[in-house]
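>>> turn this into a model:
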Amino acid sequence: MRLKLILLAVLLGGMALAQGRLPEPKGGVTIYVIRPGDSLWKISNRFFDNPLFWPRLWGINPFIDNPNLIYPGEVLSLKPKPPVLPVVKLTPETKLVSLKEIEPPPPVFYYSRGGHEGFISPDEWEHMGTILSSEPPKILLGEGDTVYANVGWDDGVRAGDKFNAFRTSKVVFHPLTGRGVGYKVAMLGEIEISEVLGKKMSSAKITNSLREITRGARIRPTEPFVKEIVLKKGADRLEGFVVETLNNVELSGKGDIVYVDVGEDDAVVPGNTFSIYKLPRKTFDPDAGKTVTITPTLVGKIAILNVRQETSTGIILESTRQIEKGDMASLDF
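Predicted coordinates:
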């Protein structure tokens, strides 16, 4: 089954490249061994003079599960045909096991609105172009509408290329420290290039609309949406805080999206779960005649859907009380 999935991923990658291929890498290099500090963004810029080609590079290397997590020593193909690696033959061993020895599969969470959750970016998330207008001209755009974007031949764009449409909000500030955490990025939908009309102009069709799209929405090469995650425990103790919500509401409950101030730098990965607590608070005890502390109260649990360098996006799996910005998030390990 795994072999079929790999073959399917390779075939899909080949179809994508047929619609919008990578240019020839510099120096005729066909494979590259990842070094410490590398990212698909940096590698695309190094070999193709354009960091925004990284989704196509990811598409021809289907062994990469998470484009934000690549490791030194892994071998990347820089052209559609993957590098030929030596085949090691293994002699299978037979072992009898009882049902008690077989561990049940880990729980899986499916998020039907994959892509809708957004995330917090440390910057305004570099864009490749902008939606300028539509046919016919109108303010609110949705699935099936034809739009015009200022990307074209100069950007290496071809018919069939796909882009995410998004917008970036004002700065998100930490509810406890007041420092700037980043910009909230809202994913609006996806467009597919219909025809390249010039050096900096293309027509496109909106193929997926997560929310209303307007003229001025920014676009960049599409990233696949995560809809299914395997729930997993963390490796060590980690605590952070809920810093923002998807819909800018004060109180959140089961099924709502929240953002926490821990991410890749803290070894957080999609599928990690966090327990949410109300912070300890002080109150006056009239019988004792002094101020006492009420211990942290468990109020819910979230699962991580999307991880960025310093922040993560989570969905509330359960809650006994409303969850607010400033609540503590403790990694389950």
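>>> residue ranges of the helices in this protein, please?
Taking DSSP state H, the helices of the chain run over residues 2-19, 40-48, 54-59.
>>> where does the prediction get shaky in the chain?
Where the chain drops to pLDDT under 70, the residues are 1-20, 81-90, 94-105.
>>> ok, longest strand in it?
Longest strand in the chain by number of residues (criterion: DSSP state E): strand 180-198.
>>> for that strand, name the packing helices and strands.
Counting contacts by 3 or more CB pairs under 8 Å, 6 or more residues apart in numbering; DSSP states H and E, strand 180-198 packs against strand 119-121, strand 146-149, strand 162-173, strand 201-209, strand 239-245. For every residue, glycine as well, the C-beta is placed using N, CA and C.
>>> name every strand pairing with it and say which way it goes.
strand 119-121 (antiparallel), strand 162-173 (antiparallel), strand 201-209 (antiparallel) (DSSP bridges).
>>> then it to CSV, C-alphas only?
Provided in CSV are the C-alpha atoms of strand 180-198 (Å, rounded to 0.1, in the frame of the first residue of the first chain):
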residue,chain,number,x,y,z
GLY,A,180,4.7,41.7,18.7
VAL,A,181,4.3,38.0,17.8
GLY,A,182,3.7,38.3,14.1
TYR,A,183,1.1,38.8,11.4
LYS,A,184,-2.0,36.7,11.1
VAL,A,185,-2.3,35.2,7.7
ALA,A,186,-5.8,34.3,6.5
MET,A,187,-6.0,31.8,3.6
LEU,A,188,-8.8,32.9,1.1
GLY,A,189,-8.7,30.2,-1.5
GLU,A,190,-6.9,28.9,-4.6
ILE,A,191,-6.6,30.1,-8.2
GLU,A,192,-5.4,28.2,-11.3
ILE,A,193,-3.7,30.1,-14.2
SER,A,194,-5.9,29.8,-17.4
GLU,A,195,-3.7,31.8,-19.8
VAL,A,196,-0.5,33.8,-19.5
LEU,A,197,-1.2,37.2,-21.2
GLY,A,198,2.1,39.0,-20.8
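>>> and the angle for it with strand 239-245?
Calculated by axes from the mean of the first three to the mean of the last three CA atoms, to 10 degrees, strand 180-198 forms an angle of 50 degrees with strand 239-245.
>>> next, the buried residues of strand 180-198.
181-193, 196 (16 or more other CB atoms under 10 Å).
>>> how long is stretch 277-292 end to end?
18 Å (CA to CA, to the nearest Å).
>>> ok, now which ones touch Ala235?
Applying CB atoms under 8 Å, 6 or more residues apart in numbering to Ala235 gives the contacts Ala267, Phe333.
>>> look up how far Tyr259 lies from it.
Applying CB to CB, to the nearest Å, the value for Ala235 to Tyr259 is 22 Å.
>>> what's next to stretch 120-132, contact-wise?
For stretch 120-132, contacts defined as CB under 8 Å, 6+ apart pick out 51-52, 141, 147-151, 155, 163, 165-166, 168, 172, 181-185, 191, 213-221, 243-244, 259, 308-311, 313.
>>> report the distance from that stretch to the chain centre.
Centroid separation for stretch 120-132 versus its chain: 14 Å, with CA atoms, centre = their mean, to the nearest Å.
>>> then that stretch to PDB, C-alphas only?
Below are the C-alpha coordinates for stretch 120-132, written out as PDB (Å, rounded to 0.1, in the frame of the first residue of the first chain):
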ATOM      1  CA  ILE A 120       0.800  33.500  12.300                       C
ATOM      2  CA  SER A 121       3.900  34.500  10.300                       C
ATOM      3  CA  PRO A 122       6.800  36.500  11.800                       C
ATOM      4  CA  ASP A 123       6.600  38.800   8.700                       C
ATOM      5  CA  GLU A 124       3.900  39.700   6.200                       C
ATOM      6  CA  TRP A 125       4.600  36.400   4.200                       C
ATOM      7  CA  GLU A 126       6.300  37.200   0.900                       C
ATOM      8  CA  HIS A 127       3.900  37.200  -2.000                       C
ATOM      9  CA  MET A 128       4.500  36.600  -5.700                       C
ATOM     10  CA  GLY A 129       1.700  38.700  -7.100                       C
ATOM     11  CA  THR A 130      -1.700  40.300  -6.600                       C
ATOM     12  CA  ILE A 131      -5.200  39.800  -7.900                       C
ATOM     13  CA  LEU A 132      -5.900  43.000  -9.800                       C
END
